[in-house]
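# Give me a model of this one.
(one chain, ligands or ions: 1)
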Amino acid sequence: MGTSIRLGKIFGIPLGINYSWLIIFGLVIFLMSSRFAEFYPQWPLAQRWATAIVTALLFFVSVLLHELSHSLVAVNRGIPVRGITLFIFGGVSQLAHEAQRPLPEFLVAVVGPLTSLLLALVCGGLWYFTGDFNSYWSAVLFTLFAVNLSLGIFNMLPGFPLDGGRVLRAIIWGLTGSYWRATQVAVRAGQGLGLLLLAGGIAWAVFGSFQGIWISLVGGFLLFVATSGYRQEALRESLKSYRVRDAMAADWTALPGEMPVASGEVLLALARGGYLGVLVEGPPNGVVDGRKLATLPRETWQFATLAQLMTPLSSLPTLDAEGAVFDAVEWMDAEGLESAPVVRGGVPVGLVSRAELQRLVRSRRPRSWI
Ligand SMILES: [Zn+2]
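The predicted structure follows:
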């Protein structure tokens with residue numbers, strides 16, 4: 001998510017703020033201040049701005065609590081969370097992967113809007129019971145009540161990628177057993193919602209207030225995320241039957257560990273496939289590739305053995321031969337790996353390169369999306 005300012009960790013979850021968020025933070029302060037000027041004309045200028053800044057900061061905390069609730073439930077359900085980032089359209093919890101079952105998907109999604117509604121209830125209750133409706137705190141509390149209520153309701157709109165869209169997907173997924181079917185419905189609803197907000201926002205901007213521009217931007221963003229989410233899932237679906245073994249390098253050559261790296265067999269294997277399995281005992285337990293060899297001074301090649309040069313398999317992350325190609329690419333992208341040994345039942349059976357996996361992915365990419 002672009003460039004972010006790191007803010008440290010909460011419950012072990014890294015928290016970041018994207019630079020685009022600063023725009024919305026400034027805008028919120030400005031809007032609050034002008035609103036307070038309208039409702040409380042008796043307030044001195046400094047107090048009005050101070051109240052606006054405090055409200056904007058607590059607004060930021062509200063969005064953060066919403067995201068934190070998603071992340072904490074995800075972690076509780078066994079889905080690792082890479083971090084929370086706040087950006088111009090709100091916040092995003094970066095989960096390591098999608099939920100594998102409908103119930104966790106439902107719980108992770110629904111807890112966010114529920115948290116916002118709970119915050120609305122607390123702020124609204126405090127506002128009501130403090131009674132003094134002209135004080136600074138009363139203005140802050142009422143604004144937070146309205147903001148959290150809107151956050152809760154807006155996010156429950158049933159279109160992907162909004163929380164409501166994920167809830168819808170989880171329900172259809174649970175009822176039909178088909179993740180793909182459920183995704184299609186939720187994404188279509190999200191695209192429809194995005195278009196509606198985009199068109200409605202433009203109409204509002206033309207015939208009403210400039211605030212319509214903001215609505216249309218949010219609509220455009222939803223449309224974009226829904227559509228790219230759909231592409232991703234369509235690709236996953238089209239690759240469903242492909243396993244890592246389908247993209248595995250067939251020219252896995254295994255040579256004994258005591259062989260000198262300068263021997264013809266080694267150089268030939270590296271020139272052909274780029275990878276080489278090294279047998280020290282039994283099945284290969286290490287790998288050598290051309291890049292590793294290049295790090296070794298040429299004059300030492302005749303003395304060094306493959307066993308000395310190899311990277312032990314035990315120190316490398318491995319892929320399962322029967323694993324899904326789509327997940328493997330996602331994993332290699334995330335880990336920044338160019339190649340990985342493939343194992344079956346713990347025994348190395350070959351190597352797979354990210355380039356080869358991506359070639360397979362490209363060949364299967366659906367031609368039309370919508
Ligand atoms: Zn949410």
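# neighbouring contacts of stretch 122-129?
138, 141-142, 144-145, 148-149 (C-beta atoms under 8 Å, 6 or more residues apart in numbering). The C-beta positions use only the backbone N, C-alpha and C, and glycine is treated the same way.
# hmm, try it at 10 Å
58, 62, 133, 137-149 (C-beta atoms under 10 Å, 6 or more residues apart in numbering).
# can you list the weak-confidence ranges in this structure?
Within the chain, the stretches with pLDDT under 70 are 1-3, 133-134, 249-252, 271-283, 364-370.
# In it, which residue sits nearest the ion?
In the chain, the residue that lies nearest the ion is Gly112 (3.0 Å; C-beta to the ion).
# I'd say that residue and Glu67 touch.
Yes. With contact defined as C-beta atoms under 10 Å, Gly112 reaches Glu67; the gap is 7.2 Å.
# Now for those two: what residues contact both?
Common neighbours of Gly112 and Glu67 are listed as 91, 93 (criterion: C-beta under 10 Å, 6+ apart).
# which of those two has more neighbours?
Remark: of Gly112 and Glu67, Gly112 carries more neighbours, 29 against 24, as counted by other C-beta atoms under 10 Å.
# which residues touch that one?
Taking C-beta under 10 Å, 6+ apart, we find Gly112 in contact with 63, 65-71, 73, 91, 93, 151-152, 155-156, 162-164, 166-167.
# Could you rerun that using 6 Å?
With contact set as C-beta atoms under 6 Å, 6 or more residues apart in numbering, Gly112 has these partners: 66, 69-70, 163.
# Spell out which parts of the stretch 51-200 of the chain neighbour the ion.
Residues of the stretch 51-200 of the chain lying close to the ion (C-beta under 5 Å from the ion) are 112, 155, 163.
# Out of these, which sit inside helices?
Among those, the members falling in helices (DSSP state H) are 112, 155, 163.
# Please enumerate the helices of the stretch 1-150 of the chain.
Ranges of helices in the stretch 1-150 of the chain, per DSSP state H, counting those that start in this stretch, are 19-39, 45-76, 102-130, 136-155.
# list the helices and strands the second one packs on?
Based on contacts counted as 3 or more C-beta pairs under 6 Å, 6 or more residues apart in numbering; DSSP states H and E, the elements that helix 45-76 packs against are helix 19-39, strand 81-87, strand 90-95, helix 102-130, helix 136-155.
# Equivalent analysis for the last one, please.
Applying 3+ C-beta pairs under 6 Å, 6+ apart, we find helix 136-155 packed against helix 45-76, helix 102-130.
# redo that, cut-off 10 Å
helix 19-39, helix 45-76, strand 90-95, helix 102-130, helix 163-176 (3 or more C-beta pairs under 10 Å, 6 or more residues apart in numbering; DSSP states H and E).
# any idea which of those is most buried?
Comparing the helices and strands packed on helix 136-155 by mean neighbour count (mean count of other C-beta atoms under 10 Å), helix 163-176 ranks first with a mean of 22.
# Please identify the buried residues of the helix or strand just after it?
Using DSSP states H and E, the helix or strand that follows helix 163-176 in sequence is helix 179-207. For helix 179-207, burial by neighbour count (16 or more other C-beta atoms under 10 Å) applies to 179, 182-191, 193-194, 196-198, 201-202, 204-205.
# ok, which stretches of the stretch 251-370 of the chain are strands?
For the stretch 251-370 of the chain, the strands defined by DSSP state E, counting those that start in this stretch cover 254-256, 275-279, 286-289, 311-312, 319-320, 339-344, 347-353.
# Check whether Gln242 really touches Val352, as I assumed.
Just so we're on the same page, residue 242 is Tyr rather than Gln. No. The criterion here is C-beta under 10 Å, and Tyr242 misses it with Val352 at 11.9 Å.
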